[in-house]
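**Q** All I have is the shape, not the residue letters:
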């Protein structure tokens, strides 16, 4: 697990959940969590929007499924009227994972999967506390109330997407991200050209159950074919393979996907370093990597190998990162060939592919 950023003052939290049991339980736990104090609790989004300007919390924990005003609608209002870090609480249903991915693209900093029974409540509450502390140091931006990226319909018919075998001169692009990553990916991936002479791999720190919804979301807005990776998948130009949550993904000597559940690396699984190292060993100077927003230093070791092997390393600029951790680590290690803001990452990748 990533280490929370130390905070000098208690992080002030507003808890929003339609379940009285969950409101009480989360409030009690967070009030006992070092560095956190709960200012109040709301039973739905409407009440939350009334309390935020009065209580001025640092972080909001927000249930996805609520009456009157649901979590996504509430999040849109928060990001438009009172931009501040939000941690979503999501169910593990297919609809819950889809809504969570939509929330993350809208601007939620992080999420916690709700327990399906009370037996594992303690570990979930510990996760909530740690993610609230991390969220307090995140940067958020005001967004229009009707964000077009939330309601975007598929831009390209799946059958029309151009996927072909990898040629010897084609590049392999690896994108790594963590906190703030889904929103960053939702900016970068749809901007990539369908005819780009490269295969793509994405490693986003996410638990099992959520990466399928993320890949579907990205596929619906992208000119490239995006899918959650499966064993024996191959790299192909025009295709994006997203590492499945809960698994490390490597490319073996046959250049095929292999998944494992070996111990976490940098406290996460999937880890960018694991995937990128395997690709750098196979493709050397043909590798391009972009390290986006996220806490910690995952990706730095492999980025150094890419840089030293003649590949190209792009790191996201501090001003657009939700959390300037992973890109900073890559830059400070001397591995960055280029530092660019988020809206220029896709252009930098395309330019590097054409080098």
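**A** Ah, there it is. Computed from a predicted model, the values in this text were never measured in an experiment. Residues are numbered from 1 along each chain as shown.
**Q** What lies in contact with stretch 330-340?
**A** Contact with stretch 330-340 is made by 291, 299-300, 303-304, 306-307, 312-317, 327, 347-348, 352, as judged by Cβ atoms under 8 Å, 6 or more residues apart in numbering. C-beta coordinates here come from the backbone N, C-alpha and C atoms, glycine included.
**Q** go with 10 Å
**A** For stretch 330-340, the external contacting residues (Cβ atoms under 10 Å, 6 or more residues apart in numbering) are 176, 288-291, 297-308, 311-318, 320, 324, 327-329, 344-349, 351-352.
**Q** Return the subset of those lying in helices.
**A** Those of these mapping onto helices are 300-308, 327-329, 345-349, 351-352, per DSSP state H.
**Q** give the contact list for the closest residue to residue 290 other than its chain neighbours.
**A** Once flanking residues are discounted, residue 290 sits nearest to residue 314: 4.3 Å by Cβ to Cβ, 6 or more residues apart in numbering. By Cβ under 10 Å, 6+ apart, the contact list for residue 314 reads 173, 175, 288-292, 303, 327, 330, 336-340, 344-345, 348-349, 351-352.
**Q** List buried residues within those.
**A** Applying 16 or more other Cβ atoms under 10 Å to those, the neighbour count classes 173, 175, 288-292, 303, 327, 330, 336-340, 344-345, 348-349, 352 as buried.
**Q** which secondary structure elements does the helix or strand hosting residue 183 contact?
**A** Secondary structure from DSSP states H and E places residue 183 in helix 181-188. When contacts are defined as 3 or more Cβ pairs under 10 Å, 6 or more residues apart in numbering; DSSP states H and E, helix 181-188 packs onto helix 94-106, helix 148-151, strand 171-177, strand 198-204, helix 211-221, helix 345-353.
**Q** try 6 Å this time
**A** helix 94-106 (3 or more Cβ pairs under 6 Å, 6 or more residues apart in numbering; DSSP states H and E).
**Q** what inclination does the helix it packs on have with respect to helix 181-188?
**A** Counting by axes from the mean of the first three to the mean of the last three Cα atoms, to 10 degrees, helix 94-106 lies at 70 degrees to helix 181-188.
**Q** what comes up buried for helix 94-106?
**A** 96, 97, 98, 99, 100, 101, 102, 103, 104, 105, 106.
**Q** For the longest helix along the chain, buried residues please.
**A** Longest among the helix segments of the chain by residue count, using DSSP H, is helix 121-135. Residues of helix 121-135 classed as buried: 121, 124, 125, 127, 128, 129, 130, 131, 132, 133, 134, 135 (neighbour count, 16+ other Cβ under 10 Å).
**Q** now swap in stretch 266-282 and tell me
**A** Result for stretch 266-282 [16+ other Cβ under 10 Å]: buried residues 266, 268-280, 282.
**Q** from these, which single one is nearest residue 193?
**A** Using Cβ to Cβ, residue 279 is the member of the buried residues of stretch 266-282 that sits closest to residue 193, with 21.2 Å.
**Q** Please determine how far that closest one is located from residue 114.
**A** 35 Å (Cβ to Cβ, to the nearest Å).
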